[in-house]
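Engineer: sequence and computational prediction follow.
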Amino acid sequence: MTLDQEVYEQLVRYQRDEITGYHIYKRLAQTLPSPENRRIVEAIADDELAHYQQWKSYTQQEIKPERVKIWLYYWLSRIFGFTFGIKLLERGEHDAQEEYAKLMLSIPEAEAIMRTEHEHEETLIALLDEEKLRYAGSMVLGLNDALVELTGTLAGLTLAFQNTRLIALSGTITGIAAALSMGASEYLSTKSEETDKNPLKASLYTGTAYIVTVLLLILPYLLLKNYYVALAVTMTAAVAIIAAFNYYIAIAKDEPFKRRFLEMAGLSLSVAALSFVVGLIVREVFGVEI
């Protein structure tokens with residue numbers, strides 16, 4: 001078959017994506033302790049190699065993988081979980097579907113090939129089981145409570161104390177105590193539910209998410225002298241944490257990003273604003289000067 005230059009270049013891109021994906025999945029499969037997850041990821045890798053061979057039958061060219069992309073996705077998967085890495089990679093491939101219309105004009109069977117590919121891969125990905133995602137609800141609980149409670153606490157303390165060191169000390173004590181309380185509550189809650197989640201692990205995920213969030217929100221008060229600037233940086237950090245975590249959940253669990261992000265950010269910032277006003281009122285009413 002004679003291909004025009006545009007279609008040829010498009011097929012070469014597809015080939016490169018497929019062979020790159022094959023190497024990413026093969027490397028990831030070797031790191032997975034679960035035999036079932038390893039089998040699934042190896043099956044996806046085999047799919048990618050088969051797709052590469054299909055496109056190669058048209059281009060008659062051997063294409064080298066993108067080594068930087070292999071390295072990047074491999075480490076993203078190692079750090080944030082293999083389900084996140086795989087779904088992020090697959091989402092990138094699906095974003096290219098708008099180009100398929102042009103391809104189908106030259107290769108009519110391309111639509112059936114790609115539809116079958118994606119359906120098979122989506123079925124395999126749905127079978128993956130990762131501990132991080134099973135306990136995502138516990139992480140959301142810890143993260144959300146830490147953001148809402150601590151942003152409010154820090155905003156109130158900023159107006160009441162007007163001293164970065166004192167605010168950081170009070171916020172840290174409050175945050176750690178709340179983290180322990182949240183962890184204990186999650187343990188009891190999970191233990192009383194009919195679920196396959198381990199109560200101790202659920203409490204650790206909740207408590208850890210809470211403490212990490214506390215430390216990130218307290219940090220500006222330890223590094224900066226001006227308490228208003230520290231508060232502004234803390235609020236910015238809170239929004240960034242909300243955005244990053246919701247993006248992770250949106251990719252890994254196929255949930256909507258915008259609605260969840262706006263809901264969490266709006267709640268945290270509203271509580272912070274209200275607490276800021278409360279701090280001002282308390283300071284004025286009680287005449288506190290520190």
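Structural biologist: Looks like it arrived, so ask away.
Engineer: quickly find the element holding the spatially most central residue of the chain.
Structural biologist: Nearest residue to the geometric centre of the chain (CA atoms, centre = their mean): Tyr248, 1.4 Å. Per DSSP states H and E, Tyr248 falls inside helix 227-253.
Engineer: list the buried residues of that helix.
Structural biologist: 227, 230-231, 233-235, 237-239, 241-242, 245-246, 248-252 (16 or more other CB atoms under 10 Å). C-beta: built from backbone N, CA, C; applies to glycine.
Engineer: how about stretch 148-168?
Structural biologist: 148-164, 167-168.
Engineer: ok, stretch 40-55 next?
Structural biologist: 40-45, 47-49, 51-52, 54-55.
Engineer: what pLDDT, on average, does it get?
Structural biologist: Here stretch 40-55 scores 86 as its mean pLDDT.
Engineer: please save the CA atoms from it in CSV.
Structural biologist: Output of stretch 40-55 as CSV, limited to C-alpha atoms (Å, rounded to 0.1, in the frame of the first residue of the first chain):
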residue,chain,number,x,y,z
ILE,A,40,-2.1,-8.3,33.5
VAL,A,41,0.6,-5.8,32.9
GLU,A,42,2.6,-8.3,30.8
ALA,A,43,-0.6,-8.9,28.7
ILE,A,44,-0.9,-5.1,28.1
ALA,A,45,2.7,-5.1,27.1
ASP,A,46,2.1,-7.9,24.6
ASP,A,47,-0.9,-5.9,23.2
GLU,A,48,1.4,-2.8,22.7
LEU,A,49,3.9,-5.0,20.8
ALA,A,50,1.2,-6.5,18.6
HIS,A,51,-0.1,-3.0,17.8
TYR,A,52,3.4,-1.9,16.9
GLN,A,53,3.7,-4.9,14.5
GLN,A,54,0.4,-4.0,12.9
TRP,A,55,1.4,-0.4,12.2
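Engineer: so how far is that stretch off the chain centroid?
Structural biologist: 26 Å (CA atoms, centre = their mean, to the nearest Å).
Engineer: and if you look at stretch 58-66?
Structural biologist: On CA atoms, centre = their mean, the centre of stretch 58-66 falls 32 Å from that of its chain.
Engineer: show residues contacting it.
Structural biologist: Residues outside stretch 58-66 that contact it (CB atoms under 8 Å, 6 or more residues apart in numbering): 1, 3, 8, 11-12, 15-16, 19-20, 22-23, 52, 56, 107.
Engineer: let's see which of the residues you listed end up in helices.
Structural biologist: Taking DSSP state H as the definition of helices, the contacts of stretch 58-66 contribute Tyr8, Leu11, Val12, Gln15, Arg16, Ile19, Thr20, Tyr22, His23, Tyr52, Lys56.
Engineer: what's the farthest-apart pair in those?
Structural biologist: Tyr8 and His23 (23.1 Å; CB to CB).
Engineer: compare the two and say which is more crowded by neighbours.
Structural biologist: The residue with more neighbours, out of Tyr8 and His23 and counting by other CB atoms under 10 Å, is His23; that gives 19 against 15.
Engineer: isn't that one up against Lys69?
Structural biologist: No: contact criterion CB atoms under 8 Å: His23 and Lys69 do not qualify, at 9.1 Å.
Engineer: what helices and strands are in contact with the host helix or strand of Ala155?
Structural biologist: Take DSSP H and E as the rule and Ala155 turns out to sit in helix 136-161. If you count contacts as 3 or more CB pairs under 8 Å, 6 or more residues apart in numbering; DSSP states H and E, helix 136-161 packs onto helix 164-192, helix 199-223, helix 227-253, helix 257-286.
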